[in-house]
Each structure stands twice: as structure tokens, then as C-alpha cells.
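Enquirer: Give the three-dimensional model of this entry:
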Amino acid sequence: MAKMENPTDYKAAKSIYDFTVQDTHGNDVKLDKYKGHVVLIVNIASQCGLTKNNYAKLSELKSKYYEAGLRILSFPCNQFGSQMPEEDGEAMECHLKSANAEFGDLFKKIDVNGDNASPLFKSFWFSSSCRASGIFLRSLQAYDLTLLPFHKHFTLYIKMASPDFYKEAKSIHEFTVVDSYGNDVSLDKYKGNVVLIVNIASNCGLTKNNYAKLMALRNKYYDSGLRILSFPCNQFAYQMPEEDGEAMVCHLKAANAEFGDVFKKINVNGDDAIPLYKFLKHKLTGTLGMSFIKWNFTKFLVDKNGVPVERFSPTTDPMDIATKIEELLKA
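Expert: Residues are numbered from 1 along each chain as shown. Alright, predicted model coming up:
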């Protein structure tokens, strides 16, 4: 693919793969080499007040996610207060090595603003995309580097490149969610399990029966491989007021409702719905083909391969799902 040097070309670009840039030694690098990777592109400086923290945290990101597919591309920039005086080549490499900041591929010093800005960076400001197949990370608009640490963002992007891509997912095992204490949980841990996913609430008219029957399902089928995933949700008449963490865990314990793994309180409808629920609703619509979740205790049954197989309404008694659970456990 030709290098995009014409200043108008960046407007036609569909992804970073359309660009060729130069490394710190002046060699052309086609960015299509990063196909299949999640890419973080950062304009760096050596003498900025943000340098020390960002160098350290970017190194942490590299250490944690490189094997999973993250690549960090560093573009030195001297436009802001002349805070990147090092020359390209060995001088730049020596600076990063001495700063213990060899967190990614290093490119030629560039401008990021103005007429002389790199076409790649012009594309970030022009594009409204933020997609993982040729990802356009909208630079500071998407990830303000004063907001640290940002590991959780990258866990989600590594596991499910972009929230817009839930339609392309094949199973729940492609998603990472957050537990009640804020820890990332990759759902591939449930490979080989039959999974029941439920949005729960503490003050709903359906709560008492669902808590009791979900507990009965857990007691009956846990040893056979059933796992129940509870997602507290406060979207329906504010019927889940408990806070995440100890308050949520204590509520479930007091209600004798420790029937499964409990995750962070979420939205299940709207733009703020987590990607997992967007995926579930996309795969299994409700009554009359409506995808939105109608109320608390909507249930999604997922097979051992992570594929959603059936959706049950809030009023479906959990024990009425038992026969279907048994079929999937035996499969």
C-alpha cells in the first residue's frame, strides 16, 4: 500500500493500515503489520511533567498485555514546549532505554498538530471511528493520559476489541467483565460450563422467588457444571440500590442468595449497556423480536461453548429452566 503523503489522503483512510510511517532510523513501516493487534498510539516527550508516570504506566501496559496482542507505537513530538529535544535514531533509543521506557515500537519525531502534522495523526482528529480492526484510537480525546491507570480499558479492548464489535462475537468467552470488587474477569474461565446469566435486583417483586429458585438451581447443578452469573442492575425503578463490593456481597449473603459469581452493577439497556449484554440481546431477542431487556431477572442460558441458546422472561420461574439446563449439561 502506498505511503499516504498527500495531505488530503488521510480523510479517505479507513484504518491505520492505510498508512506508512517512518521508524526512528528513517525506515518505512507499513502499519498493516499490526493487523490483528490492538494498538495504542502515543505522542511522547522526555521532559514533560507527565513523562515519568506515563513511561512507567505504558511499560506496565506492555508487560501485561503484549502477549495478548497489544502493541504500543511511540511517536516523539517536540511541539509542546520543546519537551522532546532528543534526536531520532540512537539518541532517541538511548533515552528510552535509560528511562526504562522501551514499551513499544519507536518512530520518527513528528508534528501532531498543524499543516505539518503527520497524516496519521491528522486522521485521528478527522475520524470519528474507534475500531479495533485497524483501530483509530482518538488519541487524547479517547484516552487522556492524565487518567491513570487505564488497564481496565485495555482488558476490554484486548478481549473484545471495541464495544461496536459485539455483533461479530461468537461466544461469551470473548468478553471480559468486571466483578463486584472491580477486578477484570475473562469469561473464557467458564469454558466447559453451562452458564445462566441474570440481571438481579434486591427490591423487586420478583426478587424473593428468583433468589430462592436460583439458589435451588445452584445447589442442584453446580457440581454438574452449571454456573450462574449475577449482574446487579439499577435501571428498573432503581430496585438495586446496594453499592458494589462489600455492600453487594453482604446483601446477597443476608438474603441467602449466594448462588453465583457476582459482577459490577451495570446497565443492560441503552448506549451504556455493557458489550456482553449487547451481544446477548443481539443473539437472542425477546417477545415480538424486541431486543431490549424488559425488567429484572431476565435470564440467558449459554451452552458449554459459550453460545447463548435461550432467553427467558423475568417472570419465568428459574426451576422451569431445569430441564433445558440438564440437556445442555449432558451435551
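Enquirer: how many other residues sit next to the closest residue to A99 other than its chain neighbours?
Expert: The spatially closest residue to A99, leaving aside those adjacent along the chain, is Y55, at 5.6 Å (Cβ to Cβ, 6 or more residues apart in numbering). The way it works is simple: take the backbone N, C-alpha and C, and place the C-beta from them, glycine included. Look at Y55: counted by other Cβ atoms under 10 Å, it has 20 neighbours.
Enquirer: ok, and what's touching stretch 168-183?
Expert: 152, 155-156, 158-160, 184-188, 190-191, 195, 197, 232, 244-245, 248-249, 261-264, 274-276, 279-280, 302, 305-308 (Cβ atoms under 8 Å, 6 or more residues apart in numbering).
Enquirer: Compute the first-to-last residue distance for it.
Expert: 25 Å (Cα to Cα, to the nearest Å).
Enquirer: what does stretch 31-43 give?
Expert: Termini of stretch 31-43 sit 16 Å apart (Cα to Cα).
Enquirer: Show me which residues of that stretch are buried.
Expert: 31, 34, 37-43 (16 or more other Cβ atoms under 10 Å).
Enquirer: What of stretch 74-93?
Expert: Those would be 74-79, 83-84, 86, 88, 92, for stretch 74-93 by 16+ other Cβ under 10 Å.
Enquirer: go on, stretch 315-331?
Expert: Neighbour count says stretch 315-331 has 316, 318, 321-322, 325, 328 buried, by 16+ other Cβ under 10 Å.
Enquirer: Which residue ranges of the stretch 51-200 of the chain form helices?
Expert: With helices called from DSSP state H, counting those that start in this stretch, the stretch 51-200 of the chain shows them at 51-65, 90-98, 119-126, 139-142, 151-159.
Enquirer: In terms of mean pLDDT, which of these ranks lowest?
Expert: Mean pLDDT is lowest for helix 139-142 out of the helices of the stretch 51-200 of the chain, coming in at a mean of 36.
Enquirer: just the strands in the stretch 51-200 of the chain please.
Expert: Taking DSSP state E, counting those that start in this stretch, the strands of the stretch 51-200 of the chain run over residues 70-76, 105-106, 176-178, 184-186, 194-200.
Enquirer: Could you say which of these is packed most deeply?
Expert: Of those, the one with the most neighbours on average (mean count of other Cβ atoms under 10 Å) is strand 194-200, at a mean of 25.
Enquirer: Any stretches of the stretch 101-250 of the chain with poor pLDDT?
Expert: 125-165 (pLDDT under 70).
Enquirer: Number of residues surrounding the residue lying closest to V307 once chain neighbours are set aside?
Expert: Nearest residue to V307, sequence neighbours excluded (Cβ to Cβ, 6+ apart): S171, at 5.4 Å. Look at S171: counted by other Cβ under 10 Å, it has 19 neighbours.
Enquirer: Show the contacting residues for S123.
Expert: Contacts of S123 by Cβ under 8 Å, 6+ apart are 10-11, 13, 16, 19, 136.
Enquirer: C48 versus that one, what's the distance?
Expert: 24 Å (Cβ to Cβ, to the nearest Å).
Enquirer: S180 now?
Expert: 37 Å.
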